[in-house]
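Chemist: Task: produce atomic coordinates for the following.
(chains A, B and C)
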Amino acid sequence: MNKEPVALAQVKAKTIQKEKRRLNAKYFTPWLFLLPSIVILGVFLIIPILEAFKWSFLDYKIIADSGEFVGIENFKEIFKDKDFWMSLLNTILFLLIVLPLNVFLPMILAVLVNQKIKGVATFRILYYLPVITPMVVAALIWKMLYSQNGIISALLVKIGIFDSPTNLLVQSSTALIGVAMITVWKGLGYYMIIYLAGLQSIPKDVYESASIDGASTFQKFKSITFPMLAPSVTLVSVMTIIAGMKVFEEIALTTGGGPSGATTTLVMYIYNKFMDLDVSIASAAGLILLILSIGASLLQMKMTSKNEDDLRA
Amino acid sequence: MKKNKKKLVVGTLAAVLSVSLMACGNGKESSSKTSGSADISGKVTLWTASLSGEPFDTYFNKLEKRFEKLHPDVDVVIEDIPQNEMEQKVLTSLTGSNVPDVVNLNPHYMSNIAAQGGLLDLTDMISDKTKKSFLEGPYESGVYEDKLYALPWYLTTTVSWYNSKKFQEANIEKIPTSPQEIYNTAKAITKATGKPSYYPVINDGNTIMEKMVSLSNGKPIVKEGKAVFAKNKDILNYFKLNQKMYKEGMIPQETAEGSLKTGQELYMTGNTAFLEGGVTFLGPIESGAPDIYKVSKAAQPLEEKNAPVNVAVMNFAVPAKTKNKEAAVALAEFVTNAENQLEFSKTAGTVLPATKESLKDDYFKNPGDSPKSLGMLQASNSLERAQVLIPPTENSAELRESTKNIFVKNLQGKLTPEQALKQLALEWNKAFNKSGEKVTF
Amino acid sequence: MKKNSKKIWNYALMLLITVLTLGPFLITLFMSLKSSGQGIYDGLLPTDPTLANFFTAFKKANLGTYFLNTIIVTAIAIPLNLLFCSLAAYPLARMDFKGRSVVLALIISTMMVPFQLYMAPLFQLSGQLGLQNTHIGLIIMQVSTAFGIFLMRQAYLRIPKELEESAYLDGANKFKVWYMVALPLVKPTLVTLAIFTFMGTWGDYLWPLLNTTESNMYTLSIGLAQLSQNFDGSNLKLISAASILTTIPTLLIFIWLQKYFISGATDGAVKG
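Modeler: Numbering: from 1, shown residues only, chains lettered A, B, ... in the order given. Purely as a prediction, here's the structure:
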């Protein structure tokens, strides 16, 4: 009768609606999840950042809030500045020192405090202390350790790196290393708990079956722990790169950027320019810093992406 | 903390008070260009740099009340900002619409902001009488391109500080007044104590630049934007001896960092016996090394008797965007008048005022006998020959940086003193060529 | 036998590391307990231990008021940050949609810009929105942090997909799956994020300094800075005491939350 085509049409319509809704959900849902963050980050972070980067193409006078368009003049000026290149070099060197240390040392710590041994909670807390030790005091203590008649200087003489007691913060060749050690020390606990959270999600039975198969501690680490921590390694690496490129306090409190600019990083260069009201140059250098950071991070992510792809949706 | 949130009384005009009442404590009407019926009202905000806690809280509370009594329609708000972040805070605030009305700044930053039109031109808003009430040098530090932008508040000059115990150990009785004498003194002390003894403060290069002017004693080191010091024998000698002292262990290695703070730390650990510093040098030492504090003494700067030394001034400026010009200027003048400056010096116990009148007070002849007060005594003695040795210039950052870097290189023996001076002159000329300024100092 | 010696070496190593990490903190503690007659370089232990520095620091730096402000901001920021970050990170790890890489890259790159560059435009914005001198003005920078999103995303990547997929087959929608399946599995990371958010908000300095013009809205870190940059020169004993006062809450939070890192176990029901 007539009812049949109507009923069929209704069912068809309902199915189409359901499909539509499902597709809509598929399309809109991700953005619903992202909504609060996009609003907050967009308004309070991205808009100000874009505004600041706009200045790098102007001769911007910040107090007067005016500036004429100068195209890439600011960038040209930066590239001619030998201080810029030096600060760039220092930043890269700094990262090369800190990155491997930050990836591996906290990982070892995390494995140690993930053990089911007595007192492990206490160790976790003790290892976390540098993170909350105020930088002002930490810098003072490290300066004492590094001083001409301090422990580290004596040690370095003993193992033959120096001929006579030397404060490695005052030699342009070693100053950066000295500062890097402070950064690594301070971040140990911080990255340790990132790794710890990662270790928590590795199922115990994987380790157990490996033990049954006769795997040594080292083999277990190499074949199970390390690969499954890949996302954490990515996180730690990228965070190290970002933090390394922005490192400021420990340098300001120990060497002030010296000696003769040996520990002046790109961020300090930007800060100095900004404080001197050279805002356009600072913004332009900031843009360069951003591009470099993104590049370095992408490179880093590519290196660990092999393992991540297995886990990605 | 120091904030009084009083409600504004809108309506009846306040009594007319002359500007000069606040300026010099006299009752005469001398303000020429500001409007005679100056009935100031409204809210004024004043920012201080690192002057929180006692005894300053009480000082500023009283100051606030006295000013509000003179101008009942004015609501004064005083806030304190940590001085290391003062520049960032001022800069950021000036980009907004809610700016402070009176700000405590140092001259270098003041000239940067003035150059971009961020400060109110006070030249015509301050009476000649007020202008003359200040010491000349400090007053000049608030002038940029012939316009007045800031009023001088308190100042410090260079003095020398020494550990009298170590001096005794080495049998030294006199303070060295020349580079050669510095060398001899340092040598004797290092020999007697086995530790480094002298610390040349480098800072961001400014102290070295000032040293060069002092050593030059009257002869300019820069003429019309050209560096002329490369052949100066006294400066060359200074570089030479510093290099020698560093090599022979009389100057600690940490000098390469050069800040006053490091100097204080070295002094506290006994690795420095004498150095030049400002009047507030002993601050951390009082709590950080009380034994050394007790035997610390101040003396004249390590210069010839008549050589000029630097005076460092802290100013008050008024941002151009202020919403209450008259009240802001009035408050600035009030805080910097002789009476209030004298009171401030007594409260701080270390720094000096910048008004001629207050310096005549007996207090400065006899400020007490703590090491800090004796430092103030020495500072007031050297005030006669204290000037702003390096005028603010557009390229000052470059001048200071190259000076710092090259001095450190000289110190560490990476350059010969002759090479160092030559290179430094080159760098300075480059900077002057770029900015095109034709100054002489 | 062998097992015992391994244990001893284990402990020895861990103790050695402890010296490095505990040392400076202990020195800070000792400095805060030294009396006025003892110099900071004068021996390690306080010869005449006193709590005076703590009281002085508390009063001088007006820590009482500042404590309150900091607590308010932190208490609101943590749950919000946990919520928004765990929400935002989920599609970035688990859903395939157009623009995903762009959004992720954009978020991560915001971390790479030094604060000084955009603090002026941010300040102006805050003024225009009436957020100056408000607690909310301070919270906005800590809620939905790029780092938090990144952290959670990596955590989601780690959990096995099977669980979520079986939930979908049972007809649950995305939100339900996220809430009932994914979220519980990333609890350790949420704990980590809570710790970090606390640290970040508690110790935030520059933005609170710029955004507040009334000192009764100042936070702890500003009080600490006022103390260390004091006109009279830094009194390291006071600063040490103040630092310990301000960082003890962070330590307590860490001690409390770290117990959620259960050794060697897993939260998941992978066998399920």
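
Chemist: How about residue B:81: which residues does it bridge to?
Modeler: residue B:49 (DSSP bridges).

Chemist: which intervals of chain A have sub-threshold pLDDT?
Modeler: A:1-3, A:23-25, A:304-313 (pLDDT under 70).

Chemist: contact partners of the helix or strand where residue C:256 lies?
Modeler: Per DSSP states H and E: residue C:256 is located in helix C:236-257. For helix C:236-257, contacts defined as C-beta atoms under 8 Å, 6 or more residues apart in numbering or on different chains pick out A:125, A:128-129, A:132-134, A:136-137, A:140, B:284, B:287-288, C:28-29, C:31-32, C:34, C:36, C:40, C:53-54, C:56-58, C:60-61, C:63, C:191, C:194-195, C:198-199, C:202-203, C:220-221, C:223-224, C:227-228. For glycine as for every other residue, the C-beta is placed from the backbone atoms N, C-alpha and C.

Chemist: now, which of those lie within helices?
Modeler: Mapping these onto helices (DSSP state H) picks out A:125, A:128-129, A:132, A:136-137, A:140, B:284, B:287-288, C:28-29, C:31-32, C:53-54, C:56-58, C:60, C:63, C:191, C:194-195, C:198-199, C:202-203, C:220-221, C:223-224, C:227-228.

Chemist: can you count the residues close to residue A:112?
Modeler: Using other C-beta atoms under 10 Å in any protein chain shown, residue A:112 has 18 neighbouring residues.

Chemist: and it, that's in a strand?
Modeler: No. Under DSSP: H, G, I helix; E, B strand; the rest coil, residue A:112 falls outside any strand and is assigned helix.

Chemist: who's in contact with it?
Modeler: A:123, C:10, C:13, C:14, C:17.

Chemist: Look at residue C:187 and report its pLDDT.
Modeler: Listed pLDDT for residue C:187 reads 88.

Chemist: What is the burial count for it?
Modeler: Neighbours around residue C:187, by other C-beta under 10 Å: 17.

Chemist: Residue B:406 too?
Modeler: Residue B:406, neighbours per other C-beta under 10 Å, totals 25.

Chemist: roughly how far apart are it and residue A:264?
Modeler: 15 Å (C-beta to C-beta, to the nearest Å).

Chemist: How about the secondary structure of residue B:162?
Modeler: Of the three states, residue B:162 takes strand according to three-state DSSP.

Chemist: typed the wrong thing, it's residue C:46
Modeler: coil.

Chemist: could you measure it against chain B, distance?
Modeler: For residue C:46, the distance to chain B equals 13 Å [C-beta to the nearest C-beta, to the nearest Å].

Chemist: I'd like the distance from the helix or strand hosting residue A:83 to the chain centre, please.
Modeler: For residue A:83, the element it lies in under DSSP H and E is helix A:82-113. Mean-position distance between helix A:82-113 and its chain equals 10 Å (C-alpha atoms, centre = their mean, to the nearest Å).

Chemist: residues of stretch C:6-19 that come out buried?
Modeler: C:14, C:17 (16 or more other C-beta atoms under 10 Å in any protein chain shown).

Chemist: thinking again about what came up before, CA atoms only: put the helix holding residue C:256 into PDB for me.
Modeler: Listed next in PDB are the C-alpha coordinates belonging to helix C:236-257 (Å, rounded to 0.1, in the frame of the first residue of the first chain):
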ATOM      1  CA  LEU C 236      71.100  35.800  52.100                       C
ATOM      2  CA  LYS C 237      69.900  34.400  55.400                       C
ATOM      3  CA  LEU C 238      66.500  36.100  55.000                       C
ATOM      4  CA  ILE C 239      66.300  35.200  51.400                       C
ATOM      5  CA  SER C 240      67.000  31.500  52.200                       C
ATOM      6  CA  ALA C 241      64.300  31.600  54.900                       C
ATOM      7  CA  ALA C 242      61.800  33.200  52.600                       C
ATOM      8  CA  SER C 243      62.700  30.800  49.800                       C
ATOM      9  CA  ILE C 244      62.100  27.900  52.000                       C
ATOM     10  CA  LEU C 245      58.800  29.300  53.200                       C
ATOM     11  CA  THR C 246      57.600  29.800  49.700                       C
ATOM     12  CA  THR C 247      58.800  26.500  48.300                       C
ATOM     13  CA  ILE C 248      57.600  24.300  51.200                       C
ATOM     14  CA  PRO C 249      54.100  24.100  49.700                       C
ATOM     15  CA  THR C 250      55.600  22.900  46.400                       C
ATOM     16  CA  LEU C 251      57.500  20.200  48.200                       C
ATOM     17  CA  LEU C 252      54.400  19.200  50.200                       C
ATOM     18  CA  ILE C 253      52.300  18.900  47.100                       C
ATOM     19  CA  PHE C 254      55.000  16.800  45.500                       C
ATOM     20  CA  ILE C 255      55.200  14.500  48.500                       C
ATOM     21  CA  TRP C 256      51.500  14.100  48.600                       C
ATOM     22  CA  LEU C 257      51.000  13.500  44.900                       C
END
